[in-house]
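K.L.:
need coordinates for the below:
(2 chains)
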There are 2 protein chains.
Amino acid sequence: MKLDAQWIIGFVDGEGCFYVGINPHKEMTAEYQVLPEFTVVQHKRDVQILHALKEYFGCGVVRTNHGDRISYRVRSIDHLNKHIVPFFVKYQLKTKKRHDFEKFKIIMEVIRAGDHLKTDGIEQIRKLASQMNRGS
Amino acid sequence: MKLDAQWIIGFVDGEGCFYVGINPHKEMTAEYQVLPEFTVVQHKRDVQILHALKEYFGCGVVRTNHGDRISYRVRSIDHLNKHIVPFFVKYQLKTKKRHDFEKFKIIMEVIRAGDHLKTDGIEQIRKLASQMNRGS
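P.N.:
As a prediction, the model looks like this:
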């Protein structure tokens, strides 16, 4: 199955999620680990769509999420920087999910600069992440 | 906001619904009324997307659904036949929702032939409708 960029944007506007986890991690200098991810979850009947997304982006994994739900997920910082972020910069989301992506993109820049290893950077990321996926 | 056909297909693959209600109705010859509809529901923050869909298709209504949810809905048989069905014939859905649409399309043909006013037609529609939106 071959996907079209505009189809992907429409599908992600509906079903996609940009999420940044911030977990306590004693071994990190700033004591927190930042875990950005891009996911699309579907009922297992549409697993072939998730594989088509994986093929389109050339990265990520498809795996069972909960019960009948399957997720396509990209967690690699390198793959997010090289494949996911540039795609959503080139083809803009049309729903308010665009604002989540914009914050995600800034967080990826903070990570690229290495500031996620510093307390100030963690605070900046925490503030941005708290404004994401609030449904308003 | 101007929408692209492929974006709409992707968005409807995620968020759209083809539904056929079959309600008891004493005044109808076959004692049932068939109510097909196409809907897209969103959080109110994205109401402008629903208005853009309405503008694109040139039909339907946008209204509050439940609480923070807003729906774009097309119920007119004439508008479904002229604007909605031809669009999804021309640009095919990529998820299994395509199968729901295919049953919806057959039901619209049964209605167009006037067979929804006959007991046999109602039985055929009931069978097709029962196979829709089952998530499998």
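K.L.:
residues in contact with A:E27?
P.N.:
Applying CB atoms under 8 Å, 6 or more residues apart in numbering or on different chains to A:E27 gives no contacts. Using the backbone N, CA and C atoms, a C-beta is placed for each residue, glycine as well.
K.L.:
pLDDT on the longest helix belonging to chain A, on average?
P.N.:
Assignment by DSSP state H gives helix A:97-112 as the longest helix of chain A. Taken as a whole, helix A:97-112 has a mean pLDDT of 97.
K.L.:
in it, what's buried?
P.N.:
Using 16 or more other CB atoms under 10 Å in any protein chain shown as the test for burial, helix A:97-112 gives A:97, A:100-105, A:107-108, A:110-111.
K.L.:
ok, these vs B:V41, which is closest?
P.N.:
A:K97 (15.3 Å; CB to CB).
K.L.:
is it true that the closest one touches A:Y19?
P.N.:
No - A:K97 is beyond contact range of A:Y19, at 11.6 Å (criterion: CB atoms under 8 Å).
K.L.:
for chain A, which segments count as helices?
P.N.:
A:5-15, A:47-57, A:77-79, A:85-90, A:97-112, A:119-130.
K.L.:
buried ones in the shortest one?
P.N.:
In terms of neighbour count (16+ other CB under 10 Å), helix A:77-79 has its buried residues at A:H79.
K.L.:
on contacts alone, who are the packing partners of it?
P.N.:
With contacts defined as 3 or more CB pairs under 8 Å, 6 or more residues apart in numbering or on different chains; DSSP states H and E, helix A:77-79 has no helix or strand neighbours.
K.L.:
what sits against the residue nearest the centre of chain A?
P.N.:
Nearest to the mean C-alpha position of chain A, by CA atoms, centre = their mean, lies A:F38 at 2.2 Å. By CB under 8 Å, 6+ apart, the contact set of A:F38 is A:16-19, A:60, A:73-74, A:80, A:84, A:104.
K.L.:
returning to that earlier point: nearest to B:K26, of the helices of chain A?
P.N.:
Closest of the helices of chain A to B:K26 is helix A:5-15, at 39.5 Å (criterion: CB to CB).
K.L.:
which residues touch A:I107?
P.N.:
If a contact means CB under 8 Å, 6+ apart, then A:I107 has A:20, A:34, A:36, A:116, A:125, A:128-129 as its contacts.
K.L.:
give me that answer again for 7 Å
P.N.:
The contact partners of A:I107, by CB atoms under 7 Å, 6 or more residues apart in numbering or on different chains, come to A:20, A:36, A:125, A:128-129.
K.L.:
mean confidence for the strand ranked longest in chain A?
P.N.:
Taking DSSP state E as the criterion, chain A has its longest strand at strand A:32-43. For strand A:32-43, the mean per-residue pLDDT is 96.
K.L.:
now it: buried residues?
P.N.:
Quick answer for strand A:32-43 (16+ other CB under 10 Å): A:32-34, A:36-40, A:42.
K.L.:
farthest pair within these?
P.N.:
Among these, A:Y32 and A:Q42 lie farthest apart (CB to CB), at 31.0 Å.
K.L.:
so which bits of chain A are right by chain B?
P.N.:
Contact residues (CB under 7 Å from any CB of the partner chain) of chain A with chain B: A:1, A:4, A:6-11, A:13-15, A:43, A:45-46, A:49, A:94-96, A:135-136.
K.L.:
ends of stretch A:113-122, what's the gap?
P.N.:
12 Å (CA to CA, to the nearest Å).
K.L.:
from the chain's centre, how far out does it sit?
P.N.:
19 Å (CA atoms, centre = their mean, to the nearest Å).
K.L.:
how about that stretch: buried residues?
P.N.:
In stretch A:113-122, counting by 16+ other CB under 10 Å, buried: A:115-116, A:121-122.
K.L.:
follow-up on the earlier one: and the residues of chain A next to chain B, which are buried?
P.N.:
A:4, A:6-11, A:13-15, A:45-46, A:49, A:94-96.
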